[in-house]
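S.K.: here are the coordinates; sequence isn't available:
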């Protein structure tokens, strides 16, 4: 689910930036001015951003309803309990997405010159509205339903942003993601009745897609969600030898996930497939690694600074140690 939500975030962010870029001739100085937050409330920026956001939000929600939800039977409002589904990777996606929505919304409004605390609360509110709207669409679809688990993780993600901004006026603990599709043996899988076959790669591609955007945002076997902690920001002595950009990251991931609650599925022809639990045991992972806070790199150019801020949603590739629920410890010389 978070793949569609993130597509909305990026669409909104680009639409908001592009709408104001139209107002400036693209000379270096004017571009820098465009990317510089206003010192006081700039009403043109504020109302322009608000109008752009409302237009983009309405358009994306209507498009999702028509293009996605209309393909499934409608129902009355209903709830369902999906805790534990996909080894809770979708819940981590909700946590990350709501954090990112709240943060981007708040920073865009801070760019208009709106006071910091008001921007933080507004960002949290907008993130909550975005997530709740999509959860409501789920609630009226037979395929899904209103998930209190989703709501809890949505709220937690927004509060992770809001709490830090109110307490520290900065994000000392940032939520990031990384994703890398590792090679997979093309195992042939026979249906329970022995009449049909498929392959593990076909199942993976059906669930998680094949293009880079889908793999980055929705392949649960490739995706890792990180809490990236800036070391120097927690030190009393700010003149420490620790680089201001150096972070320590704790990540969460899962492996061998080829179905919601189990590795069993039914295809469109009614054939039932089951992966052997011995050969494809599902498990969860905790990672420890290093990271870089790109917003702490001293850059004067406002355009470059904005680019680094955008890239900071991703964790950099680095060595990592994995602890998993199989009771094993693995060292990854390179992990993304």
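M.R.: Perfect, I can see it now. The model shown is predicted, which means the values in this text are computed figures rather than measured ones.
S.K.: contacting residues around the residue lying closest to residue 309 once chain neighbours are set aside?
M.R.: Distances taken as C-beta to C-beta, 6 or more residues apart in numbering place residue 295 nearest to residue 309, at 5.6 Å, with adjacent residues excluded. Bear in mind the C-beta positions are built from the backbone N, C-alpha and C, glycine included. By C-beta atoms under 8 Å, 6 or more residues apart in numbering, the contact set of residue 295 is 305, 308-309, 312.
S.K.: taking the residues you listed one by one, which sit in helices?
M.R.: Among the contacts of residue 295, the members falling in helices (DSSP state H) are 305, 308-309.
S.K.: and the nearest residue to residue 219 once chain neighbours are set aside, how many neighbours?
M.R.: Among residues not flanking residue 219 along the chain, residue 208 sits closest, at 3.9 Å (C-beta to C-beta, 6+ apart). Neighbour count for residue 208, taken as other C-beta atoms under 10 Å: 20.
S.K.: Contacts only, for residue 208.
M.R.: For residue 208, the contacting residues are 214-215, 218-222, by C-beta under 8 Å, 6+ apart.
S.K.: Buried ones in stretch 54-68, by neighbour count?
M.R.: By 16 or more other C-beta atoms under 10 Å, the buried positions in stretch 54-68 come out as 56-57, 60-61, 64.
S.K.: Please name the bridge partners of the residue nearest to residue 329 when sequence neighbours are not counted.
M.R.: In space, and not counting its chain neighbours, residue 329 is closest to residue 323: 5.7 Å by C-beta to C-beta, 6+ apart. Note on residue 323: beta-bridge partners by DSSP bridges are residue 286, residue 329.
S.K.: For residue 323, the count of nearby residues, please.
M.R.: Counted by other C-beta under 10 Å, the residues lying close to residue 323 total 14.
S.K.: Wait, it touches residue 285, no?
M.R.: Yes: counting by C-beta atoms under 8 Å, residue 323 does reach residue 285; the two are 7.2 Å apart.
S.K.: how far away is residue 263 from residue 227?
M.R.: 28 Å (C-beta to C-beta, to the nearest Å).
S.K.: Hmm, which of the contacts of residue 295 is lowest in pLDDT?
M.R.: Across the contacts of residue 295, the bottom pLDDT score, 84, is held by residue 305.
S.K.: so that residue touches residue 296, yeah?
M.R.: No: taking C-beta under 8 Å as the definition, residue 305 is not a contact partner of residue 296, at 11.0 Å.
S.K.: How about residue 261, nearest residue that isn't a chain neighbour?
M.R.: residue 85 (5.6 Å).
S.K.: quick check: mean pLDDT across the host helix or strand of residue 154?
M.R.: For residue 154, the enclosing helix or strand under DSSP states H and E is helix 148-168. The average pLDDT for helix 148-168 rounds to 97.
S.K.: Which neighbouring elements make contact with it?
M.R.: helix 89-111, helix 116-139, strand 173-179 (3 or more C-beta pairs under 8 Å, 6 or more residues apart in numbering; DSSP states H and E).
S.K.: For it, buried residues please.
M.R.: 149-151, 153-155, 157-162, 164-165.
S.K.: how many other residues sit next to the residue nearest to residue 159 when sequence neighbours are not counted?
M.R.: Take residue 159 and drop its neighbours on the chain: the residue closest to it by C-beta to C-beta, 6+ apart is residue 124, 7.4 Å away. Residues near residue 124, counting by other C-beta under 10 Å, number 26.
S.K.: on that earlier part again, from the helices and strands packed on helix 148-168, which stretch is densest packed?
M.R.: helix 89-111 (a mean of 25; mean count of other C-beta atoms under 10 Å).
S.K.: That helix - what's its average pLDDT?
M.R.: Helix 89-111 comes out at a mean pLDDT of 95.
S.K.: what angle do that helix and helix 148-168 make?
M.R.: If you take axes from the mean of the first three to the mean of the last three C-alpha atoms, to 10 degrees, helix 89-111 sits at 40 degrees to helix 148-168.
S.K.: on contacts alone, who are the packing partners of helix 89-111?
M.R.: Checked by 3+ C-beta pairs under 8 Å, 6+ apart, helix 89-111 has helix 2-21, helix 43-67, helix 116-139, helix 148-168, strand 173-179, strand 223-230, strand 246-255 packed alongside it.
S.K.: what angle sits between the third one and helix 148-168?
M.R.: Regarding helix 116-139 and helix 148-168, their directions subtend 170 degrees when assessed with the same axes, to 10 degrees.
S.K.: What distance do you get for the residue nearest to residue 159 to residue 130?
M.R.: Distance, residue 124 to residue 130, by C-beta to C-beta: 11 Å.
S.K.: cool, and residue 248?
M.R.: Distance from residue 248 to residue 130, by C-beta to C-beta: 30 Å.
S.K.: ditto for residue 68
M.R.: Residue 68 is 15 Å from residue 130, by C-beta to C-beta.
S.K.: before we move on, what about residue 91?
M.R.: Counting by C-beta to C-beta - residue 91 and residue 130 are separated by 17 Å.
S.K.: Contact partners for residue 46?
M.R.: Residues in contact with residue 46, defined by C-beta under 8 Å, 6+ apart, are 109, 112-114.
S.K.: Thank you, goodbye.
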